[in-house]
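S.K.: starting from these lines, generate the structure:
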Amino acid sequence: MDQFIVIGLVAGLITTMGYVPQVIKGYRTGKMEDVSVFMPLVLIAGMGLWLVYGILLGDIPIMLWNAISVILNIFMVSLKLNYDRRKRREAPTATS
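M.R.: Predicted coordinates:
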């Protein structure tokens, strides 16, 4: 394996792992109030384009880590939307 691929794999691992704590915390606590839904949506779009770019170049590190990052961000958005929906359903309603 050439040194550039190793550098790309390590760099991608480090940056992708930045999403993991947020996803785990949201999953365990069931709370995502402080997470913006807009940020991961923008990241999904950008990383999706990086993924296409990596596929076109045949660059394994770009394809691998952007695919994983897209999946993590989709999971974060789904957690956010599901927990927000649940919170709205459980919220007390004003009665007249």
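S.K.: what sits up against the helix or strand where residue 56 lies?
M.R.: Following DSSP states H and E, one finds residue 56 within helix 38-57. Contact with helix 38-57 is made by 59-63, 66-67, 69-70, 73-74, 76-77, 80, as judged by C-beta atoms under 8 Å, 6 or more residues apart in numbering. All C-beta spots, glycine's among them, are computed from the backbone N, C-alpha and C.
S.K.: tabulate these in JSON lines, adding columns for neighbour count, distance to residue 4 and secondary structure.
M.R.: Converted to JSON lines, the contacts of helix 38-57 look like this (neighbours: other C-beta atoms under 10 Å; distance: C-beta to C-beta, whole Å; DSSP: H, G, I helix; E, B strand; the rest coil):
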{"residue": "59", "neighbour count": "16", "distance to residue 4": "10", "secondary structure": "coil"}
{"residue": "60", "neighbour count": "14", "distance to residue 4": "11", "secondary structure": "helix"}
{"residue": "61", "neighbour count": "18", "distance to residue 4": "9", "secondary structure": "helix"}
{"residue": "62", "neighbour count": "20", "distance to residue 4": "12", "secondary structure": "helix"}
{"residue": "63", "neighbour count": "19", "distance to residue 4": "15", "secondary structure": "helix"}
{"residue": "66", "neighbour count": "24", "distance to residue 4": "17", "secondary structure": "helix"}
{"residue": "67", "neighbour count": "17", "distance to residue 4": "19", "secondary structure": "helix"}
{"residue": "69", "neighbour count": "24", "distance to residue 4": "20", "secondary structure": "helix"}
{"residue": "70", "neighbour count": "19", "distance to residue 4": "23", "secondary structure": "helix"}
{"residue": "73", "neighbour count": "23", "distance to residue 4": "26", "secondary structure": "helix"}
{"residue": "74", "neighbour count": "14", "distance to residue 4": "29", "secondary structure": "helix"}
{"residue": "76", "neighbour count": "23", "distance to residue 4": "30", "secondary structure": "helix"}
{"residue": "77", "neighbour count": "19", "distance to residue 4": "32", "secondary structure": "helix"}
{"residue": "80", "neighbour count": "20", "distance to residue 4": "36", "secondary structure": "helix"}
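S.K.: and the angle from the helix or strand where residue 9 lies to helix 38-57?
M.R.: Per DSSP H and E, residue 9 falls inside helix 3-16. Helix 3-16 and helix 38-57 meet at an angle of 160 degrees, taking axes from the mean of the first three to the mean of the last three C-alpha atoms, to 10 degrees as the criterion.
S.K.: alright, I will stop here.
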